[in-house]
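Colleague: Build me a structure from this.
(3 chains)
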Amino acid sequence: MTIQKVILAALGAAALSFATMGSAAAADGVIKVGAPLPLTGPLSPEGLKQKQGYDIWAETVNAKGGIKAGGDTYKVEIVYVDYASNTPKAVQSADRLISQDKVNFLFSPFGSGAAKAAGGVSEKYGIPTIAATASSEAVYNQGYKYLFGTFTPNRTLTEPLADIVLGKKPGLKRVAILSRNDLFPTALAKEMAKSAEKRGLDIVMSEKYAIGTMDHSSTVTQLKASNPEWVFATGYINDLILIRKQMKDLGVGAEVVTMIAGPAYQEFIDASGPLAENITSSAWWHPAVRYKGDDVFGTTENFNKLFEAKYGAAADYVQASAAAAGVILQLAIEAAGTVEPAKVRDAIAALDTTTFYGPIKFGDTGQITSLEPPTFQIQGSKPMVVYPDGIKQADINFGVK
Amino acid sequence: MRDWLILGVGTLLFGLLALSGDTYLLRLGTMLAMYAVLAMSWNFIGGMTGYPSFATAAFFGLGAYTSAILQAAQMPMAVGWAAAGLVAGGFALLIGLPILRLKGHYFAIASLSIGEILREVVNTSEEITGGGMGMNLPLLRLPPEVQAQAFYLCMLGLAVLTTAVAILVHHGRLGFAFRCIEQNEDAATVLGVDTRTFKTAAFGLSAVFSGVAGAIYGNWVHYIEPLDVFDIMHSVKPLVMVLLGGLGTLFGPIFGAIVFLALEEAVWRNFLGVHAAVLGVLIVAMVLFLPRGLATSFEQIARRFRGKAA
Amino acid sequence: MIYLQILANGLALGGLYACIAVGFSLVWGVLNVINLLHGSMIVLGSYIALFAYTTFGIHPFLTVPIAGGIVFALTYALQRGIINRVIAAPVLMTLTLTFGLDLIFNNAMLTAFKADYRKLILENPLGSWSFSGVTLPVDRIAAMALAMLLTLMLFRLLKDSRIGRAIVAVRMDRDAAALMGVDVMKINAITFGIGGFMAGAAGCLLSIIFPISPLNSTVYLGKSFVVCVLGGLGSVPGAIVGGLALGIIESFGAFFLGPEHAVTLAFSLLIVFLIVRPTGLLGKKGYE
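Modeller: Sure, this is the predicted structure:
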């Protein structure tokens, strides 16, 4: 029985050390923002992007002296916790950050599912929380007052796209919709179906595929048989790369092929090579947009410049949104003149301004309503913005083989 | 008897913890209680009866969803929780009949597949379960400390109940039958033990409390989705805990749960990025060097190290 | 007409499945060890192919022996050093052990290679063949053909060589084989190593077809399970039959029931077969 005794003793010691380990209250002059992220596991690529966005904001703010609120100046410290792409752990991380590490504010974990789950924690404690990567309206439908999001609802990705496509090809009729069976891709596919029905299009195929599908041949065969003019596929980057390849393998083409959310990432273009040509997509932000505001970055170009200097590559919408979350928090604190949670929460809800990321105004549910998500198309292995007209870089091409 | 005394004292001590308002400790405590329930549940079928089940996650998830669906239909929480246990237990009895005819690896795989199938069924039944989008559970409008205490006490209560049942089983006919089956099922059959009924009973027992744990868990975190509640780790971790604490023993699973959770929390705080690997090392070391879990003496470890049988 | 295409898809997929599963089936059937590292080994093979191509320009089909060899060495060492210690232990122990080992290994790959999905894009893509209304991508056919070739070579190895016969002997009766002078420890390790070789080779061939990431390992492992149970353990024909059966059933199943049900279908089949005919279509029974 000797090991057991050793372990019991060790546990006793550990328990004591845990008990005495509670964090000190937030040090004067520092605002702590909790950021639970999937730094390991399947979602780690996205988690790391979010971290890049937060970091560049924190750096830029601190370099300029910090956040000024009601006569005091505060430095920003982001407290990271890795929840290993596991949603229940994300919820625990949020709880830990608030109750143990005593953070003043919180940035949501990655994605709609985890943000929704963790939102309950923020609401419980009354800690203003900004979700940088949650777009589905289902995240914001729980009546929470302390949760805000920087992505507009999914329909803002599908409506403008439908307008452009039908604007240039009014005779187009046949749409096929393919989605992965989890929160964001399914919600997005539903919006696409609505946009299509609204315009009298025929949905010739509408299917969901399971997470972890290795082979889409049956689906793509069905796709071919249904002879669509527009293929709309949602999923994560690996699914979309594979679907695109299998479309090529089986000889399926269409006038328009839209994929969300892979093509915004350079990784998709690299992995698909020539197959990426003429694929369309929408996202909530694109480095080509041009906005000017009173935030710490000032203009989109300045943000791009700083980001490329630090990370050696252009930002995509994930990093920009994460940085925007920081910017929004800062603007609200400054407007409220205090770091008191309830007052900052009200200040966020009342924001009506422009930043490097775009115009900022939140709706009743806490989700942002003011953005105009750009639609873009990959031409010559580069993403070119085709909408809105104000920042258009190219016209949309038709025909994907 | 001595075991009841231990249970009573343990309940008291852990119950006192609820008085502290420290939400972090209460959260850890709730997780501990939950894992104690899952580990004790698995012990019925895996430890005592010797059938390596990987279905714990299936029952956990089934319980969580049963409770969530009922609460979405405006049923009170307590009803949801009770139903969770009944549904999970009933399901286990039903599916146990065919798959308990299998042994060893085959049984393990079959039990694992149950969880996978349930998960996909939930995923594709969007109207009832929300599918891939998950389900919300009603948020209690209570201060966070009170909520933390309430859920801790509920989970603790379940753990106490499960342990009480375990004590009864261990010292009773059921336990005796289970151990007979584990030692030599054919001999047991020859001696007239109704192995089929007892095996199925063990399987059912392993499901009931796991199902209720899933239900309480759902209300505790306010939101469930298929990938979380049917996660295979909910099957693997209890197994590892029981191995740690001593396969088939009475309080072993609880002991294993304590050690495992303590280790997990320590690793999570300090080893960003490699926690899976650390868990793996723990498991490998345990299988190779600790044949009787933490009840192994240092001597036995040394002998294992030198390559001799313990 | 479309049914012909679905069938063709299923056969092409099935051939790949057989290749994925044959090493797994061998280890399970002969050693009675379920090697939960199998999926990760396949992924490792894919990465070896990826790096060989992007760094040295070697075509993945040529990297097959290299990938196979590296994984062989790795699994041989693993077996000899660690797994052998618990070879006679109950099922629970061996399962748990390989699970723990896979956790370590997969985590190591995630740390080294990151979770990002990579793709091996050939400079000269192989294109597709079309005939009588059926279109098939050449890369799948080529990979499947090579996989079949390897599998057949394995089959001959088992039947004709001394090592092969020793392996079969151990499978039939371990103690008798030992009494006949077979070094059972070494055979165990070699069998495991061969399983690893096939996994690495499979990974290499799959590298041009599927995206590459450590996250795929559980998917490959899952398929291997189903193939083994469907086709029967420890035999090459069993893996082929099981693989083709799974491929065809999945293909038609996805077509008639919808792709979202594909996973459910595979696991349901698994349970049904386990209950009704655990020895698989070819009836080679594994250990209990």
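Colleague: Now A:Ala233: phi and psi?
Modeller: Backbone torsions of A:Ala233, given as degrees, to the nearest 10, read phi -120, psi 130.
Colleague: contacting residues around the spatially closest residue to it that is not a sequence neighbour?
Modeller: Counting by C-beta to C-beta, 6 or more residues apart in numbering or on different chains, A:Leu178 is the residue found nearest to A:Ala233 once chain neighbours are left out, at 4.4 Å. Placement of C-beta: from N, CA and C, glycine included. Applying C-beta atoms under 8 Å, 6 or more residues apart in numbering or on different chains to A:Leu178 gives the contacts A:189, A:205-209, A:219, A:223, A:231-235, A:243.
Colleague: would you say A:Leu178 is within a strand?
Modeller: Yes - assessed with DSSP: H, G, I helix; E, B strand; the rest coil, A:Leu178 lies in a strand.
Colleague: Residues in a beta bridge with it, which ones?
Modeller: A:Glu207, A:Ala233 (DSSP bridges).
Colleague: Only the buried residues of stretch C:98-116, if you could.
Modeller: C:98-110, C:113, C:115-116 (16 or more other C-beta atoms under 10 Å in any protein chain shown).
Colleague: Then stretch C:221-240?
Modeller: Counting neighbours by 16+ other C-beta under 10 Å, stretch C:221-240 gives C:221-240 as buried.
Colleague: Likewise for stretch A:141-161?
Modeller: Within stretch A:141-161, the residues scored as buried using 16+ other C-beta under 10 Å are A:142, A:144, A:146-161.
Colleague: Dump that stretch to CSV, keeping only the CA atoms.
Modeller: Output in CSV follows, covering the C-alpha atoms of stretch A:141-161 (Å, rounded to 0.1, in the frame of the first residue of the first chain):
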residue,chain,number,x,y,z
ASN,A,141,-30.8,34.1,-29.1
GLN,A,142,-30.6,33.3,-25.4
GLY,A,143,-31.4,36.8,-24.2
TYR,A,144,-27.9,37.4,-22.8
LYS,A,145,-27.1,41.0,-22.1
TYR,A,146,-23.3,40.6,-21.7
LEU,A,147,-22.4,38.9,-25.0
PHE,A,148,-21.5,40.8,-28.1
GLY,A,149,-20.3,39.6,-31.5
THR,A,150,-18.3,41.0,-34.3
PHE,A,151,-19.7,38.9,-37.1
THR,A,152,-22.9,39.9,-38.7
PRO,A,153,-25.6,37.2,-39.1
ASN,A,154,-25.0,34.6,-41.8
ARG,A,155,-27.6,36.0,-44.2
THR,A,156,-25.3,39.0,-44.7
LEU,A,157,-22.9,36.6,-46.4
THR,A,158,-25.5,35.0,-48.7
GLU,A,159,-27.8,37.9,-49.7
PRO,A,160,-25.2,40.2,-51.5
LEU,A,161,-23.7,37.2,-53.1
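Colleague: Give the rounded mean pLDDT of it.
Modeller: Stretch A:141-161 shows a mean pLDDT of 91.
Colleague: ditto for stretch C:175-182
Modeller: The pLDDT scores in stretch C:175-182 average 85.
Colleague: swap in stretch B:41-48?
Modeller: Stretch B:41-48 comes out at a mean pLDDT of 94.
Colleague: Whether that stretch contacts chain C - can you check?
Modeller: Yes - applying C-beta under 8 Å from any C-beta of the partner chain, one finds stretch B:41-48 touching chain C at B:Gly46.
Colleague: Quick check: B:Leu32 touching B:Phe255?
Modeller: No - B:Leu32 is beyond contact range of B:Phe255, at 11.3 Å (criterion: C-beta atoms under 8 Å).
Colleague: Which members of the buried residues of stretch C:221-240 occur in helices, if any?
Modeller: Those of these mapping onto helices are C:221-231, C:236-240, per DSSP state H.
Colleague: ok, so of the residues you listed, who is nearest chain B?
Modeller: The shortest approach to chain B among those belongs to C:Phe225, at 6.0 Å (C-beta to the nearest C-beta).
Colleague: If you count contacts, what does the longest helix anywhere in chain C end up packed against?
Modeller: Of all segments of type helix in chain C, defined using DSSP H, the longest is helix C:2-31. Secondary-structure packing of helix C:2-31 (3 or more C-beta pairs under 8 Å, 6 or more residues apart in numbering or on different chains; DSSP states H and E): helix A:217-226, helix C:38-51, strand C:134-137, helix C:138-160, helix C:162-172, helix C:184-206, helix C:217-231, helix C:236-257.
Colleague: if you set the cut-off to 6 Å instead, what comes out?
Modeller: Counting contacts by 3 or more C-beta pairs under 6 Å, 6 or more residues apart in numbering or on different chains; DSSP states H and E, helix C:2-31 packs against helix A:217-226, strand C:134-137, helix C:138-160, helix C:184-206, helix C:217-231, helix C:236-257.
Colleague: Chain neighbours aside, what residue packs nearest to whichever residue of the stretch 101-250 of chain B sits closest to chain C?
Modeller: At 3.9 Å from chain C, B:Glu120 is the closest residue in the stretch 101-250 of chain B, using C-beta to the nearest C-beta. Spatial nearest neighbour of B:Glu120, chain neighbours left out: C:Thr264 (3.9 Å); criterion: C-beta to C-beta, 6+ apart.
Colleague: mind listing what's buried in whatever helix or strand the one you found lives in?
Modeller: C:Thr264 is located in helix C:262-276, with elements delineated by DSSP states H and E. Within helix C:262-276, the residues scored as buried using 16+ other C-beta under 10 Å are C:262-271, C:273-275.
Colleague: what about B:Ile69, which helix or strand?
Modeller: Per DSSP H and E, the secondary structure element for B:Ile69 is helix B:56-72.
Colleague: Mind checking if the helix or strand following that helix is in reach of chain C?
Modeller: From helix B:56-72 onward toward the C-terminus, using DSSP H and E, the following helix or strand is helix B:77-99. Yes - Helix B:77-99 is in contact with chain C by C-beta under 6 Å from any C-beta of the partner chain, via B:Pro98.
Colleague: if we look at helix B:77-99, which residues are touching it?
Modeller: B:59, B:62-63, B:66-67, B:70-71, B:110, B:200, B:203-204, B:207-208, B:211-212, B:215, C:275 (C-beta atoms under 6 Å, 6 or more residues apart in numbering or on different chains).
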